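>>> predicted model, plus sequence, below.
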Amino acid sequence: MRTKLHLPKDRVDYARQLARKISAPVADFMDRHSSVTVERATLRLAGADGANADGIPVPNLVVDQIRAVDPVLLEDGATIRYVNALVKSGDSVEALNVRIADGFNVMSLPLGDRAAIEEKAAELVLSSSSRIKDNRAHRDRKLEEFRDRNHKPLLYLIVATGNIYEDVKQAKAAAEQGADVIAVIRTTAQSLLDYVPFGPTTEGFGGTYATQENFRIMRAALDEVCEKEKRYILLTNYASGLCMPEIAAMGALERLDMMLNDSMYGILFRDINMYRTFVDQKFSRMINAHAGIIINTGEDNYLTTSDAFEKAFTVLASQFLNEEFGFRAGLPAKLQGLGHAFEMDPTIKNGFLYELSQAQMAREIFPEHPLKYMPPTKFMSGDVFKGLAMNTLFNFVSKATNQGIHLLGMLTEAVHTPFMMDRYLAVENATYVMNSMEDFYDDVEFRKDGIIVRRAHDVLDQTISFLEEVEAIGMFDSIERGLFAEVKRPKDGGKGFEGLVNKGPDYYNPFEENLKRELGLVK
Amino acid sequence: MHVIRPYGDTMDDGKVQLSFTLPVSDGARGREAARKLVLSWGFKDCEVVHSAPLSDEFSFYVAYGKTESSVDYDAMVADQASADASMTMDEVNEYIRREIGRKVVVVGACTGFDAHTVGIDAIMNMKGYNHHYGLERYSDLEAYNLGAQVPNEKLIEFSAKVNADAILVSQVVTQKETHVHNMTEFIELLEAKGLRDRFVCVAGGPRIGNKLAVELGFDVGFGRGTYADDVATFIVKKLAEKKRL
Ligand code: B12
């Protein structure tokens, strides 16, 4: 790649080294811990599914049954108990799920022959792993079949009606209008539920519940549009919140293609406990990596609470950290949709040049990553006409800097969740701008001592100072002191802390072992 | 009497710009349906200037209508907290010392499942918003900002504990009327505990109007573009008024 910004390579390498050092103690912690949702995600991979009459999902029932006997038992992992029940009862996975939903307690059976359990577990690992690989192969085949039919960058649209059947209508229309990626926004506050609801849902606020059945319904609908439009439509959801790894598992099983998945978002913006979040994000990313799912990180969120010009370095710092945590979970660069956003105050003089600079900077520092670029939201107002103009500039910057995933801005951002026609206007705007500047990226360079080049150097310098500070203080303490997003989170505060689990000496998780093998993470 | 109509390029031409979606395919018939619909809304004239397919089953229209309807501007009552200008921070502090004679305690939060903190922070945080300092900066106010996703129960409990004079409730998410449910629950809880009269209750958020807030039992409601000055002015005047009673 030809550089337009001339960023010093040794400085960029140094920033990466800092990110590696910062994440090392966290990685140590992650390796020694599991969590209730990591255990439930594992059970889901084993086939645990369904819910009891009160709507409590089977994976939760199993984990709760184990904890009820003695919380320490979970230190051996939940899989062994579930598989033991399968072996002892001779039930199929489906039959056992039904029995558990009806009240059967897996702890009522003493642990049987270890070899038989391991054999059965190996069979389950193989079956989920091949299902995930088949999904991956299917996606690759379709992407190959419909090669060059997607936009560059990929146009990403959101649906959020609360009702999965209504979402399907909106998603199909959006795909027919030109969307390459459809994201189903989750309902308000799902991230704070410590379980994943079961079955199709029609009630949600500001979004739709992420459930495995909803994933399946939307996938099937989009597959139809793929064939009609001769374009692969990528489906996105949120592997975030208290059930991050379980949602990753469901997405892997139902062939989602992208997942919002950030290493720190839950801590900073949802007040989820930091230890829990780090443990959960690792397992979820291993699943995403195995399934070939592109993650989208949440750096844009930093700019909703902080000033986008002043705090641009927090975005770059977070990208370095997300990248490093991604690598540690076996997630290659091409699956890392690192996030950033066009959120500068529109009254800043030369704001456009700074946005252009920062977007190009992300492109050059993360050349293989399918960068996820977010539109203006904070300064969008009821003036929908000005909003359309702001989105036009955003579209321009995205194409001019060759971004990977382009989240279309809505002119009505400050008014309501998108109407069908809002999405249409967004696609029209983007396709107009991007077509008219198709080869801009290759054709235009920046003045070597100009505003654009200088801005990028400044942001990189600020990022390095910031990372040095975090490295000196340590990651956990830095979060506690409010270095990130100006939000302070106590180490043992926040939601979900009680769901953190020590891995005991006999911790057994053949699914994790398999993931590590598949991803080349075993030494 | 001051009769007004929309203005395009000539006084009283009544020109209005509209855009909407219809659940039919695009085409001449769709455009006619769009035109007839606009006329059915009372417009005297309608021109559909653009249509486009959104999918096989939906289409988009841009239309201009001409209306003869009018309103009497003199008879309009604005939906706002107060028509008076707000005092500045220094004036508010001065007013508190003069009229109330002690520190005024305010507690704020974004309640329910609503996770939007930027609005309540704009009103409360030291640094404020758009060059207007927030309530924490006021020397004669004691301000507590509990942040977002705070249950009504907890907000009330805390306010009672610190002997608050005013409670500030922020509501940003309005889908499915969540704000209405949440605000109603807040007032009902206060009433059930017999605490409603103890606090000046202030609601705020981009979709909150004064009228709605008052209907739901708050003392006042503030919408988009509010600054701490406006809120502080209302609270201290209300307290002084209460004191005089
Ligand atoms: C930033 C943002 C977020 C951030 C919030 C970060 C944070 N820490 O606050 C994040 C990314 C977390 C977020 C999440 C969501 N968001 Co949001 N978000 C926005 C956005 C872009 C800007 C809001 C903002 O900060 N405005 C700036 C502040 C200063 O303005 P303000 O809030 O209006 O406050 C002013 C006044 O209203 C008033 N005020 C506000 N509160 C109070 C209180 C009192 C007492 C007083 C006196 C005055 C007052 O004074 C303030 C200063 O003038 C808006 C879109 C937009 N441009 O408005 C969407 C928006 C508000 N979000 C929306 C939605 C739907 C969501 C989600 C539900 C999406 C989802 N399904 O996940 C989640 C909510 C999760 C939850 N549990 O609540 C919708 C709401 C639609 C609706 N009307 O119901 C909007 C409009 C976007 C959209 N078009 O869909 N969001």
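Sure thing, it's come through. Treat the numbers as computed from the prediction; the structure is a model and nothing was measured. Numbers count the residues shown, from 1 in each chain, chains lettered A, B, ... in the order given.

>>> just the CA atoms of stretch A:85-102, as CSV, please.
Extracted in CSV, the C-alpha atoms of stretch A:85-102 (Å, rounded to 0.1, in the frame of the first residue of the first chain):
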residue,chain,number,x,y,z
ALA,A,85,-26.2,-36.9,31.9
LEU,A,86,-26.2,-37.8,28.2
VAL,A,87,-24.0,-40.8,28.7
LYS,A,88,-25.9,-42.1,31.8
SER,A,89,-29.4,-41.6,30.4
GLY,A,90,-28.6,-42.7,26.9
ASP,A,91,-30.8,-39.7,25.8
SER,A,92,-30.2,-37.8,22.6
VAL,A,93,-29.3,-34.1,23.1
GLU,A,94,-32.8,-33.1,22.1
ALA,A,95,-34.4,-35.5,24.5
LEU,A,96,-32.2,-34.5,27.4
ASN,A,97,-32.9,-30.8,26.7
VAL,A,98,-36.6,-31.5,26.9
ARG,A,99,-36.2,-33.4,30.2
ILE,A,100,-34.1,-30.6,31.7
ALA,A,101,-36.7,-28.1,30.7
ASP,A,102,-39.3,-30.3,32.4
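
>>> what residues of it count as buried?
For stretch A:85-102, the neighbour count (16 or more other C-beta atoms under 10 Å in any protein chain shown) marks A:Ala85, A:Leu86, A:Val87, A:Lys88, A:Asp91, A:Val93, A:Leu96, A:Asn97, A:Arg99, A:Ile100, A:Ala101 as buried. Every C-beta, even on glycine, is put in place using the N, C-alpha and C of the backbone.

>>> isn't A:Phe278 up against A:Met30?
Yes. Applying C-beta atoms under 8 Å as the test, A:Phe278 and A:Met30 come out as touching, 5.5 Å apart.

>>> which of the two has more neighbours?
Legend: neighbour count by other C-beta atoms under 10 Å in any protein chain shown for A:Phe278 and A:Met30, higher for A:Phe278 (25 against 20).

>>> show me what contacts the more buried one?
By C-beta atoms under 8 Å, 6 or more residues apart in numbering or on different chains, the residues touching A:Phe278 are A:Val26, A:Phe29, A:Met30, A:Ser263, A:Phe325.

>>> looking at those, spot the one nearest A:Pro71.
A:Pro71 lies nearest to A:Phe29 out of the contacts of A:Phe278, by C-beta to C-beta, at 19.4 Å.

>>> what sits against the residue in the stretch 351-500 of chain A positioned nearest to chain B?
Chain B sits closest to A:Met421 of the stretch 351-500 of chain A, with a gap of 4.6 Å, by C-beta to the nearest C-beta. Shown in contact with A:Met421 (C-beta under 8 Å, 6+ apart): B:Ser19, B:Phe20, B:Thr21, B:Leu54, B:Phe60.

>>> any idea which of these the model trusts least?
The pLDDT minimum for the contacts of A:Met421 sits at B:Leu54, where the score is 90.

>>> I figured that residue was touching A:Gly178, is that so?
No. B:Leu54 is beyond contact range of A:Gly178, at 10.9 Å (criterion: C-beta under 8 Å).
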